[in-house]
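> kindly generate the corresponding structure for this input.
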Amino acid sequence: MTTTVAATTIKARQRPGDRVFSTATVVSGSLILAVLAAVALFLLVESLPAFVAEADAFSGETNNFMEYVGPLVFGTVWAAILALLMAVPVAIGIALFISHFAPRKLAQGLGYLIDLLAAVPSVVFGLWGITVLAPLVRPFYVTLTEWFGWFPLFEGPVSGTGRTILTVAVVLAVMILPIITAICREIFLQTPLLHEEAALALGATRWEMISMAVLPFGRPGIISASMLGLGRALGETMAVAMVLSPSAEVIFQLLTAENPTTIAANIALNFPEAHGVGVNILLATGLILFLVTLVVNMIARVIINSRKAFSGAN
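Numbering: from 1, shown residues only. Okay, here's the model as predicted:
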C-alpha cells in the first residue's frame with residue numbers, strides 16, 4: 001500500500017519537461033515501428049502480382065519469380081560476405097591500433113580520416129572502382145589465376161576489364177570499413193582498465209592482454225559492427241551497379257567476366273525501363289532484400305544475446 005502511494009505521488013509530481021520527454025520517446029519509438037510496418041506492407045501488396053506473373057514477364061530464361069530472384073539473392077549475399085571477410089579483420093586491426101597502440105595525436109588524426117570515408121558518396125566509390133581499382137587489380141587477377149587456377153574460386157579466364165565480383169567486394173569492403181572501425185574502436189576503449197592492468201601485472205604481453213581482456217570484452221560489439229556493415233553491403237546500389245558486369249547466374253568464380261548481380265543493383269539498372277508487372281517484379285525483389293536484411297539482423301541479435309554471459313559489458 002505504501003509503495004503504491006509513493007509511486008502515485010512521484011507520478012503526480014512529474015515535471016512537465018519529463019512528461020514531454022517521455023511522450024517524445026514513445027512517439028519516436030512507435031514512429032519507427034510504424035514506418036517499418038508501412039514499408040513492409042507496401043512491398044508485400046505491390047509484390048503480389050509478381051508471384052503469379054506469367055513466364056514471359058521475366059527476363060532471360062526464367063519462368064517464375066523464384067527462378068528470377070534466386071541468382072539475385074545469391075549475388076547479394078555472396079558480394080556482402082566477401083566484403084565482410086575483407087573488411088572485418090582490417091577494421092579490428094585499425095581499431096586496436098587507434099585504441100591501444102598509436103600515440104594520441106596520431107590516433108585522433110587516423111580516427112578522423114577513417115570517419116571521413118563514411119562521408120564519401122557511393123558514386124565516388126563506384127567511379128574509383130571503375131577507373132582506378134579495376135585496371136590496377138587485373139594483373140594481380142592474372143597472377144592469381146596462374147598460381148591458384150586449380151582452386152574453383154580462382155578459375156579463369158580473367159575478365160579483360162577487371163570488373164568482377166571480387167572487385168565489387170573490395171569496393172564494398174572499403175565502404176563498410178568506417179562503420180565497423182568506428183564501433184570497434186569505441187567498444188575497445190570501453191574495456192575496463194582494471195582488466196588490462198591485471199593481465200599486464202600477471203606478465204602478459206601487450207598482445208596477450210588484448211587477446212585475454214580487450215577482444216573478449218568487445219566480442220558482442222564486434223559482431224554488432226559486422227552486422228551493421230553487412231547490412232550496408234547488402235543494400236549498396238550505385239557502386240555495385242557501376243563496377244559490376246552482371247549476369248543473372250549463380251557463379252562462384254571471382255575473376256571471370258560473368259558475375260552474379262545484386263538485388264539493389266538490378267533494381268537500379270532495370271527500374272527506369274520497367275512497366276506494368278515488371279515494376280511489381282522489381283518491388284518483389286526489394287521485398288526479398290528486406291527479408292534477407294531482417295533475417296541477418298535477427299541472427300546477429302541471437303548471437304549477441306548468446307555471448308552476453310561471456311562479456312564484461314554487463
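
> please report phi then psi for P246.
Main-chain torsions, P246, degrees, to the nearest 10: phi -90, psi 160.

> name the helices or strands packed onto the longest helix along the chain?
Ranked by residue count under DSSP state H, the longest helix found in the chain is helix 16-51. Helix 16-51 sits against helix 277-307, with contacts defined as 3 or more CB pairs under 8 Å, 6 or more residues apart in numbering; DSSP states H and E. (Glycine included, C-beta is placed from N, CA and C.)

> mean confidence score for the helix it packs on?
The pLDDT scores in helix 277-307 average 83.

> which positions within it qualify as buried?
277-278, 280-290, 292-293, 296, 300, 304 (16 or more other CB atoms under 10 Å).

> if I take that helix and helix 16-51, what angle do their directions form?
130 degrees (axes from the mean of the first three to the mean of the last three CA atoms, to 10 degrees).

> how distant is helix 277-307 from the center of its chain?
Distance of helix 277-307 from its chain centroid, counting by CA atoms, centre = their mean, to the nearest Å, is 12 Å.

> now do stretch 192-199
What separates the centre of stretch 192-199 from the centre of its chain is 32 Å, taken as CA atoms, centre = their mean.

> which residues does that stretch contact?
By CB atoms under 8 Å, 6 or more residues apart in numbering, the surrounding residues in contact with stretch 192-199 are E208, M209, M212, A213, V214, F217, G312.

> if we use 7 Å, what do you get?
E208, M209, M212, A213, F217, G312 (CB atoms under 7 Å, 6 or more residues apart in numbering).

> cool, stretch 165-174 as well?
Contact partners of stretch 165-174, identified using CB under 7 Å, 6+ apart, comprise 78-80, 82-83, 86-87, 125, 129, 133-134, 137, 233, 236, 239-240, 243-244, 254-255, 259-260.

> try it again at 8 Å.
Contacts for stretch 165-174 (CB under 8 Å, 6+ apart): 75, 78-80, 82-84, 86-87, 90, 117, 125-126, 128-129, 133-134, 137, 141, 233, 236, 239-240, 243-244, 251, 254-255, 259-260.

> what subset of these is buried?
By 16+ other CB under 10 Å, the contacts of stretch 165-174 give 75, 78-80, 82-84, 86-87, 117, 125-126, 128-129, 133-134, 137, 141, 233, 236, 239-240, 243-244, 251, 254-255, 259-260 as buried.

> just give me the neighbour total for T25.
Neighbour count of T25, defined by other CB atoms under 10 Å: 10.

> from L31, how far out is it?
For T25, the distance to L31 equals 11 Å [CB to CB, to the nearest Å].

> do L194 as well
Distance from L194 to L31, counting by CB to CB: 41 Å.

> re the thing from before, narrow the contacts of stretch 192-199 to those that are buried.
Buried, going by 16+ other CB under 10 Å: M209, M212, A213, F217, out of the contacts of stretch 192-199.

> reformat those as CSV; add secondary structure.
Output for the buried ones among the contacts of stretch 192-199, formatted as CSV (DSSP: H, G, I helix; E, B strand; the rest coil):
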residue, secondary structure
M209, helix
M212, helix
A213, helix
F217, helix
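
> take those and lay them out in CSV including pLDDT.
Output for those, formatted as CSV (pLDDT from 0 to 100):
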residue, pLDDT
M209, 89
M212, 87
A213, 87
F217, 87
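
> re the thing from before, any idea of the mean pLDDT for the longest helix of the chain?
pLDDT averaged over helix 16-51 gives 86.

> quick one: it to chain centroid distance?
Here the centre of mass of C-alpha atoms in helix 16-51, compared against the chain's by CA atoms, centre = their mean, lies 22 Å away.
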